[in-house]
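[1] sequence unavailable; structure follows:
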């Protein structure tokens, strides 16, 4: 049985098959209308997320299945203190596949370790949100036909934006990718993304501050929101904020084949007037999110009886040696959960919590 | 493509077809069991409303379709500040038809202007709630066979009750209607309903204060609730409140063929003891609400590819000339929404916001 | 038409048929996949309960039906003050069967008295939760093949645990049952359970304080949680708490065929390390909960047109003679609800509210 916790759980080949499966669904939706008849998806959303949840539910219904679940923690037994492990064990009795959203980092991994049905991570705090990245990838793949040799601009809050980090990790496995990292100084890409992903994979990259000056070189522009509260210097915020708003003016300087993505919801970082530009693909990206989730549900259900290797190799694990200090980590609240770390870089002595992947040493 | 935002969006002929379609569904429910197979209704309820939501969901399931959605704003991305326009665009990717409930007046109209699937207004603040009026109309039509020449008593809070205003607007298009407007002085029908609907349509009407004295003349009695907090003079409230409670005594003075309607929920304005009276049709009215919603969903889905005229004519619109001051209007919060007004009465210089229909001049 | 409000609403014969029906569903699930096609279950949950709700919903979907409803009171019209009776009347128009959860004791009974479709009590405050007991019974029946001559240990909070009281009531109708009541003094089984159920039915029982010393004699161990807040003496709590935690050590002293049940959610009263013990059946019990609910839905729907005797006989009822003082009773808030008491023991003059079954005299 396979789960999807992190986007890199899938190999490049598996990912290609998944994207091609989504393309076939787009082409022949009626072929898939009954594929999940008598199957149930459990959407376990411990925090609200309309788009993601509705996208999963639409996906399951378009496959002929049904949906059970909850849409925020308050309607669940979590308020009675039930552990994620127990929830996963119980829901394994009621459904065929789980999509879990939680504010706790590592929650989906803990669920997958206790579930007898496939678990999809639908977002675990600031850690991962792999189906968003799948939607991003399908959108690029549909429009560009390839990931190789693309120049991808990532704009906005590159420090805290997990969708940005995840997309970079996914793209790191293709060749000839150029990253244009566009952000204010205070919100630059974190050192660990550079050191763990961009540099070891020899990705070409530049860090710049100005969107307008760099937009003309891009094949893909991935927008994210800059939140006022991220700034310590309000003058700096006021000086910069408009330069990160994508408007008709800036679009006029962009290549005719550039595509604009955004994970949504957008607040005001893309002007509504850009929506009618054929290069604005963020709503189509949401539609692609439905199709890739259909492909994902089919893939995981078809592999249910397959014996699969665990995602971290045992010889690199350290049991109860380090204590994770991330206050958002699932290990802070889950009862009787063993503190396990993994050595991710022996040379530089980098050890991380297996759940939230924060450093524990 | 058509939407239903306001009850008068449908012509008298369209309304008759819709009512007849509901009657056929009531007669032959099994004929309709698979009509919406593989279709999805999105119930986007930004504020809770059990009856309305369950009625829509039951309607869709009885047509063989499925339902996605949310039942209060807290479980939706609205908490992240997403606009109604963006929600409508995204949900257009996930569903085939939308039923939207919002506390913001004009929300459903904004959704319909941005949606690529039909939108049904399931209540937008104090503005409109057309499917309630459809349930009212179907109940009268099933029992009386016609709307012509009926004497309709409207009792209770005629000032703030949007269902009352909407029913009057709907009835204004039939002939020989007599309105008996029964309310305390403080809660009389507002001047604009008189001036915009009742008088121009030459509807016969009387305004009275006493239910018991007038009940013997009615074909239809439409009850609504009088809320204590509407009164400025508590002595007046105490003096009056019982005279607006429908009880067995008052029912004894009513004609044997009079029917009692109520939009529900009722608190104590109709005694529970009246429920067993065969003239008490408010629970059957809720059942009719399901049937008329089935007919409505079928109608709007069948017209999806039809090109239809916009509901307000362009030549009467004023762009950015007036600013709407209604604090509940969607235009107060929706990003980059143009301030558009419509001239509804050129002679008397009446200009209204197109979203909430409050006067802007 | 039948409802399930209290576990003893079913005779021993009916219960056996229900359990056997569940066994057949377990054996031949595909036979039942379309049994409820075009039927709707309404899950009316005025307070959240994931396991119970998801179990009902999974049950209905595995029967080919659909589900409408709400998962907490805040999304329902209860916030507008609608009575349980009106909710039941309205939902009777939208669904084929109701599962109701409410914090108000007697709510499901009031619903059943006003509903035109079967009502299942999915928990009414501290009063009853009969489908939990059905899951308990099915688990014992599947493992032991009988209820006769079993030694059943009930451990933890026997004072407030409604599942314990309900299970004792259910078992009281079989022969040779021995109860081992394991609890701290402060949380012993209440006098009325002894006097009304255990003693009149001549059940063998012992009351003990120590789990470890008594575990070796048990066929069934039913664990419940001891809540810190139940204790008046914190020293007593600290002294006792670990002795009521089921861990691997204690399991080593238990018979090899003893089974462990728990209504879940568990917090820490059973160590996670016990989960892998084949005698730990609490997750399978949750699965059985789904199967028995499938059998229950089928049973009640099949009896919809059957005329059935009321569950309390009229000649023992007292109208408006006593007033119920239980603050959690539905009679405190439901409008125009008659105060009805039943004489349950004429000799000892025991009179109880028909809704919450607390004494009214």
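    Good, I have the coordinates. Just so you know, these numbers come straight off a predicted model, no measurement behind them.

[2] residue A:321 and chain B: what is the separation?
    The spacing between residue A:321 and chain B, counted by CB to the nearest CB, to the nearest Å, is 39 Å. (Glycine included, C-beta is placed from N, CA and C.)

[3] name the element that residue belongs to?
    Counting by DSSP states H and E, there is no helix or strand that carries residue A:321.

[4] number of residues surrounding the residue nearest to it when sequence neighbours are not counted?
    Nearest non-adjacent residue to residue A:321, counting by CB to CB, 6 or more residues apart in numbering or on different chains: residue A:341, 6.3 Å away. When neighbours are defined as other CB atoms under 10 Å in any protein chain shown, residue A:341 has 23 of them.

[5] and if you look at residue A:301?
    Neighbour count for residue A:301, taken as other CB under 10 Å: 19.

[6] same thing with the one 3 residues further on?
    Around residue A:304 sit 13 other residues, with neighbours defined as other CB under 10 Å.

[7] just the one 3 residues further on next, same as before
    By other CB under 10 Å, the residues close to residue A:307 number 6.

[8] so how far is chain B from the closest residue to it other than its chain neighbours?
    In this structure, residue A:307 finds its nearest non-sequential neighbour in residue A:1, 7.8 Å apart by CB to CB, 6+ apart. As judged by CB to the nearest CB, residue A:1 and chain B stand 27 Å apart.

[9] and the residue nearest to residue A:321, what does it touch?
    For residue A:341, the contacting residues are A:317, A:318, A:321, A:322, A:324, A:351, A:352, A:353, A:354, A:360, A:361, by CB atoms under 8 Å, 6 or more residues apart in numbering or on different chains.

[10] what pLDDT does the model give it?
    Residue A:341 is assigned 94 on the pLDDT scale.

[11] any idea how chain A splits into domains?
    According to automatic domain parsing, chain A comprises the domains A:7-128+A:287-302, A:131-280, A:314-353.

[12] now do the phi/psi pair for residue A:130.
    Torsion angles at residue A:130 (phi, psi; degrees, to the nearest 10) stand at phi -70, psi -30.

[13] was I right to think it contacts residue A:165?
    No - with contact defined as CB atoms under 8 Å, residue A:130 does not reach residue A:165; the gap is 11.5 Å.

[14] now residue A:263: closest residue in space, sequence neighbours ignored.
    Per CB to CB, 6+ apart, closest to residue A:263 is residue A:163, 4.6 Å.

[15] residues near the one you found, how many?
    For residue A:163, the tally of surrounding residues (other CB under 10 Å) stands at 20.

[16] with the one 4 residues further on instead?
    Other residues lying near residue A:167 total 24 when counted by other CB under 10 Å.

[17] mind listing what it touches?
    Applying CB under 8 Å, 6+ apart, we find residue A:167 in contact with A:133, A:136, A:137, A:152, A:154, A:222.

[18] returning to that earlier point: check contacts around the residue nearest to residue A:307.
    Going by CB under 8 Å, 6+ apart, residue A:1 touches A:116, A:117, A:118, A:300, A:303, A:304, A:305, A:306, A:307, A:308.

[19] kindly report the same for residue A:320.
    A:338, A:339, A:340.

[20] let's see that with 6 Å instead.
    Contacts were defined as CB atoms under 6 Å, 6 or more residues apart in numbering or on different chains; by that measure residue A:320 touches residue A:339.

[21] and it, how far from chain B?
    38 Å.

[22] for residue A:292, same thing?
    Separation of residue A:292 from chain B (CB to the nearest CB): 12 Å.

[23] which strands or helices does the helix or strand hosting that residue pack on?
    Element membership for residue A:292, per DSSP H and E: helix A:282-302. Applying 3 or more CB pairs under 6 Å, 6 or more residues apart in numbering or on different chains; DSSP states H and E, we find helix A:282-302 packed against helix A:12-27, helix A:50-62, helix A:130-144.

[24] what lies in contact with it?
    The contact list for helix A:282-302 (CB under 6 Å, 6+ apart) reads A:2, A:18, A:21-22, A:25-26, A:55-56, A:58-59, A:63, A:118, A:131, A:134-135, A:138-139, A:261-262, A:264, B:89-90, B:93.

[25] buried ones in that helix?
    Using 16 or more other CB atoms under 10 Å in any protein chain shown as the test for burial, helix A:282-302 gives A:282-301.

[26] same check, this time on stretch A:138-155
    By 16+ other CB under 10 Å, the buried positions in stretch A:138-155 come out as A:138-143, A:147, A:150-155.

[27] does it come close to chain B?
    No - using CB under 6 Å from any CB of the partner chain, stretch A:138-155 stays clear of chain B, coming no nearer than 12.4 Å.

[28] and that stretch, what's its mean pLDDT?
    The average pLDDT within stretch A:138-155 is 98.

[29] rewinding a little: highest mean neighbour count out of the domains of chain A?
    Most buried of these, by mean neighbour count (mean count of other CB atoms under 10 Å in any protein chain shown): domain A:7-128+A:287-302, with a mean of 22.

[30] and that one, how far out from the chain's middle?
    Domain A:7-128+A:287-302 sits 13 Å away from the centroid of its parent chain (CA atoms, centre = their mean, to the nearest Å).

[31] quote the end-to-end distance of it.
    Domain A:7-128+A:287-302 has its terminal residues 19 Å apart, counting by CA to CA, to the nearest Å.

[32] do stretch A:235-250 as well
    Criterion CA to CA; first-to-last residue distance in stretch A:235-250 is 23 Å.

[33] from the stretch 101-250 of chain A, which residue is nearest to chain C?
    residue A:114 (8.9 Å; CB to the nearest CB).

[34] isn't residue A:158 right up against residue A:186?
    No - counting by CB atoms under 6 Å, residue A:158 does not reach residue A:186; the two are 10.4 Å apart.

[35] rebuild the contacts of residue A:341 as JSON lines, extending it with pLDDT, distance to residue B:199 and secondary structure.
    Shown next, in JSON lines, are the contacts of residue A:341 (pLDDT from 0 to 100; distance: CB to CB, whole Å; DSSP: H, G, I helix; E, B strand; the rest coil):
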{"residue": "A:317", "pLDDT": "90", "distance to residue B:199": "81", "secondary structure": "strand"}
{"residue": "A:318", "pLDDT": "92", "distance to residue B:199": "83", "secondary structure": "strand"}
{"residue": "A:321", "pLDDT": "92", "distance to residue B:199": "84", "secondary structure": "coil"}
{"residue": "A:322", "pLDDT": "94", "distance to residue B:199": "80", "secondary structure": "coil"}
{"residue": "A:324", "pLDDT": "96", "distance to residue B:199": "73", "secondary structure": "coil"}
{"residue": "A:351", "pLDDT": "92", "distance to residue B:199": "81", "secondary structure": "strand"}
{"residue": "A:352", "pLDDT": "92", "distance to residue B:199": "75", "secondary structure": "strand"}
{"residue": "A:353", "pLDDT": "94", "distance to residue B:199": "73", "secondary structure": "strand"}
{"residue": "A:354", "pLDDT": "93", "distance to residue B:199": "75", "secondary structure": "coil"}
{"residue": "A:360", "pLDDT": "92", "distance to residue B:199": "77", "secondary structure": "coil"}
{"residue": "A:361", "pLDDT": "87", "distance to residue B:199": "81", "secondary structure": "coil"}
